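Peer 1: Requesting a structural model of the entry that follows:
(chains A and B)
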Amino acid sequence: MGAPIFTHAAYAETPILTVYAGDYFTSEWGPGPVIEAEFEKICDCDLEFSTGDLLPRLLLEGARTKADVVIGLTSDVTAKARATGLFAPHGQDNSALTLPIDWTDDTFLPFNYGHTAFIYDETLMATPPASFDDLLAMPDDVKIVIQDPRTSISGLALVLWVQSVYGDDAGAAWTKLAPKILTVTKDWSASYGMFTDGEADMVLSYTTSPAYHMFAEEDFTKHAALFAEGHYFMVETVAKIAKTDQPELADQFMAYVMSSEFQTIIPTANWSLPSALPRESWPKGWSELPLPEKVLFYDESEAAALQDKAIEAWRSALTQ
Amino acid sequence: MAQRADSVTTRFGIAAAALVVAAVLLAFIGIATRVQPGAGLAPGDWAAIRFTVVQSVLSAVLSVLLAIPLARALARRQFMGRGVLVTLLGAPFILPVIVAVLGLVTVFGRSGWLNTGLAMVGLPGVSIYGLHGVVLAHVFFNLPLATRLLLQGWQTIPAERFRLAAQLRLTPESLFRTLEWPLLKQIVPGVAALVFVICLTSFAVALTLGGGPSATTVELAIYQAFKFDFDLGRAASLAVVQLVLAGGAALIALSVIPAISIGGGIDRPVQRWDAESGLQRSLDIGIIVLSALFLLLPLGAVVLRGLAGLGQVPVSVWHAAGTSVYVATISVVVLGLLALPMAGWIASRRTGGVEAIGLLGLSASPLMIGTGWFILINPLADPVQLALPVTALVNALMAMPFALRIMVPRLRDTVQDYGRLGESLGMRGWPLWRWLILPRLRAQIGFAAGLTGALSVGDLGVIALFADPDRATLPLQMYRLMGAYRMEAAAGAALILLVLALGVFWICDKGGRWHAEA
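Peer 2: Got it, this is the predicted structure:
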């Protein structure tokens, strides 16, 4: 047993890898703690997560950021993150990715993905809509809850989804959907809470939400309504800070993200799909999860360019 | 005159006010250093400003109008459990928005208790979503605050006045006109202004119960500009718009307050001979029961859900509860150091206009103040290390207007009634506070400290912007549970939060309640 002074000295010599992450990521229910423990076994380092609102924080800190690695930026905001010039190439092989789309970005490396989807309870809704048009044609007493695209990343994905399905007719689609929208919440949690309380028939969430109910609660009544025209694709990325003082550790972490060990942690810890793991290697039960045949996706520059237009179509249709 | 008696107080008061102004101004300067030229107000912003003002005015007027009969009923009735009821009535105000909204939805929602009941007797259901839902929620939040503020005011009417009124056989109506109405004229504008500002700066309630983007408030636009567009310039200009709206309302309300005094009594227990008739009694009971139902049913919903989820609450939630108590303690101390001298200064002036300074912290958007301080601290120290003190400071600034509104009327009366006596005894400065002001202000100080502590326990605030995983406060931990699908455990955490906030409030407010029941 070392006296406190030795402990301190030993601690000081252990290099620290600082990883900025979204708040949900490092809670004891997120993937953070397992990732930290597993990575520290192989890196001979101290992995420290620092949480908060990723993008605002990076933009505020700028070149002073203490981050070595940033994990959790979605492709809908990476354009803004990239423009800071803070990031270095990730150095990993994109061909190892098993995403349903081609990914060529050399800076932002996907570590998991999901699709925006409406979740319903089969005991309350016998015939879910099979397409976006079906959803718009539902009777007005079927109520859905969605999130505000101005305050929530899933809400933003929804308006981009509508934009990609309906294009210039997005406003008209929103007008048709408006009577069925029970309410709009600031964030995903409030919406999902209203849905599980039985206040709404459907909630905007992700195709992987039923997996939580199945594998954590053994509740097999919640499903994603799968739409033929496809689902908007959301991908979360990890990226390396160019001016990191721990370049080797950062590289080692990027490689670890692509390892099957990390990828296997993702589904049941982050309730989303791993980015670099063939479907047959997913945890038990996950490969049977119904997923959309077709994905819709805007790359970051398209998403950035369309964002204001898509939000405005939503806003003006819903304020009439 | 009284003004001379506390000239020392004035100096500290001005210094404290200057500190508050500086804290807000520095935050804005911090933001200004990062502003890039960008677009001004967006198309939806004018609609947001309009909606914000309309719903805030409606919410403030309704909250205060309903609070008057309730406070009157509570002021003149003694009954078993009155103290507990008065404390519980404070609870909605300190609940985190998301918890309160889920409680309201459980009662008034589409599949809520009310609609289930209506359906059982074959009546059409009601919808909570829309402008009326926003106002309902804001009344739920603010009726208790307005009631407590009015109740405190009612208790400043000396018992001797009521004795005299009874001897003169004044009818309840003429007693209201001679004793209660002058008091209301003095208190109501300030309370209404305060509720107006609270409703002005809320956005999650407005959005969720407003039903959609037509219920957008300025605060939401600030949030969006900051967190999503990272357009600090736009966020700052919107914050200024909000500041002007809030400050304008406050200045109008506070400067019209007549500097009248109810006059000194000798602090005997209040007995109300005017309210002993059967009609008065049943009226009061009816008002108290209806209000209690409206305020306590949603709270009951929160408690029921919480009890069901309590078993699933992880240990980390308790750790976070400790962190929240720590933050609340700092907030209360900071608030005491700033608000007491400020209240002394304001009370010694003839009109209340300078009280508007106290509203700065609340109306300038806590998000903006937190961000501004982050920008200022970042070059000098690690903001994450200072996350908890900054949160406590922002919480104290947010609670400032409540504290002032609670303390100023009583302090003004004390200075006017006893200032000359104190002066003739040569008391000024600290002895004046020690022997005259603090003892007579005990109830108000306790109430203000209780509100601050409870608000601070329930505030998510700036901590979400930058926090170590192990520096989480209780509300943050609750949001994390919700974000991880643990809705039941989150409901359990919400119950702990409710109990903790009420506990903090109760401990601090004990002095105030002692006075109320004496």
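
Peer 1: show me the contacts for A:Y192.
Peer 2: Residues in contact with A:Y192 (C-beta atoms under 8 Å, 6 or more residues apart in numbering or on different chains) are A:V203, A:S205, A:S209, B:M482, B:Y485, B:M487. Glycine gets a C-beta too; all of them are placed from N, C-alpha and C.

Peer 1: how about the second one, secondary structure?
Peer 2: Going back to what we said before, that points to A:S205. strand (DSSP: H, G, I helix; E, B strand; the rest coil).

Peer 1: For beta bridges, what are the partners of it?
Peer 2: A:S205 has the following beta-bridge partners by DSSP bridges: A:A117.

Peer 1: From what I see, it and A:A117 are in contact.
Peer 2: Yes - counting by C-beta atoms under 8 Å, A:S205 touches A:A117, with 6.5 Å between them.

Peer 1: any shared contact partners between the two?
Peer 2: With C-beta under 8 Å, 6+ apart as the test, A:S205 and A:A117 both reach A:A224.

Peer 1: does A:S50 count as helix, strand or coil?
Peer 2: strand.

Peer 1: Spell out, range by range, the strands that occur in chain B.
Peer 2: Assigned by DSSP state E, chain B shows strands spanning B:466-467.

Peer 1: Revised request: answer the last question for the stretch 1-150 of chain A.
Peer 2: Secondary structure of the stretch 1-150 of chain A, counting by DSSP state E, counting those that start in this stretch: strands at A:16-21, A:46-52, A:69-74, A:87-88, A:109-121, A:144-147.

Peer 1: for the stretch 201-350 of chain B, what are the low-confidence residue spans?
Peer 2: B:256-276, B:350 (pLDDT under 70).

Peer 1: just checking, B:L175 touches B:A165?
Peer 2: Yes - proximity of B:L175 to B:A165 meets the contact threshold set by C-beta under 8 Å, at 5.0 Å.

Peer 1: and the residue in the stretch 201-320 of chain A that chain B sits nearest to, what are its phi and psi?
Peer 2: Nearest to chain B, among the residues of the stretch 201-320 of chain A, is A:T319, at 4.2 Å (C-beta to the nearest C-beta). Here is the backbone geometry of A:T319 (degrees, to the nearest 10): phi -100, psi 0.

Peer 1: Which of the contacts of A:Y192 ranks first by neighbour count?
Peer 2: A:V203 (27 neighbours; other C-beta atoms under 10 Å in any protein chain shown).

Peer 1: Next one: A:K66 from chain B, what distance?
Peer 2: Look at A:K66 and chain B: by C-beta to the nearest C-beta, to the nearest Å, they are 7 Å apart.

Peer 1: Phi and psi next, for that residue.
Peer 2: According to degrees, to the nearest 10, A:K66 has phi -90, psi 0.

Peer 1: Ok, the one 10 residues further on next?
Peer 2: The phi and psi torsions at A:D76 (degrees, to the nearest 10) take the values phi -80, psi -10.

Peer 1: Which residues lie in contact with the nearest residue to it once chain neighbours are set aside in this structure?
Peer 2: In space, and not counting its chain neighbours, A:D76 is closest to A:A303: 4.7 Å by C-beta to C-beta, 6 or more residues apart in numbering or on different chains. With contacts taken as C-beta under 8 Å, 6+ apart, A:A303 has the following neighbours: A:S75, A:D76, A:A79, A:L160.

Peer 1: Number of residues surrounding the residue of the stretch 201-320 of chain A closest to chain B?
Peer 2: Counted with other C-beta under 10 Å, A:T319 comes out at 15.

Peer 1: what does A:K41 give?
Peer 2: Counted with other C-beta under 10 Å, A:K41 comes out at 8.

Peer 1: State the distance from it to chain B.
Peer 2: Counting by C-beta to the nearest C-beta - A:K41 and chain B are separated by 19 Å.

Peer 1: ok, now which ones touch B:A320?
Peer 2: Per C-beta under 8 Å, 6+ apart, neighbours of B:A320: B:A472, B:T473, B:L474, B:L476, B:Q477.

Peer 1: Would you mind measuring from it to A:P15?
Peer 2: 30 Å (C-beta to C-beta, to the nearest Å).

Peer 1: do the same with A:W286
Peer 2: 35 Å.

Peer 1: Likewise for A:V69?
Peer 2: Relative to A:P15, and taking C-beta to C-beta, A:V69 is found at 13 Å.

Peer 1: neighbour count winner among these two?
Peer 2: Neighbours per residue (other C-beta under 10 Å) separate A:V69 from A:P15, with A:V69 holding more: 25 against 14.

Peer 1: Mind pulling the model confidence for the more buried one?
Peer 2: pLDDT for A:V69: 97.

Peer 1: how near is the residue lying closest to it once chain neighbours are set aside to chain B?
Peer 2: Of all residues not flanking A:V69 in the chain, A:V19 sits nearest, at 4.7 Å (C-beta to C-beta, 6+ apart). Going from A:V19 to chain B by C-beta to the nearest C-beta gives 11 Å.

Peer 1: Help me confirm that A:V19 comes into contact with A:Y256.
Peer 2: No - A:V19 lies out of contact with A:Y256 (C-beta under 8 Å); the separation is 11.0 Å.

Peer 1: Pretty sure B:W113 sits against B:L104.
Peer 2: No - counting by C-beta under 8 Å, B:W113 sits too far from B:L104 to count as a contact (10.8 Å).

Peer 1: Settle it for me: which of the two has more neighbours?
Peer 2: Between B:W113 and B:L104, B:L104 has the larger neighbour count (other C-beta under 10 Å), namely 27 against 15.

Peer 1: Spatially nearest residue to that one, not counting backbone neighbours?
Peer 2: B:P298 (4.9 Å).
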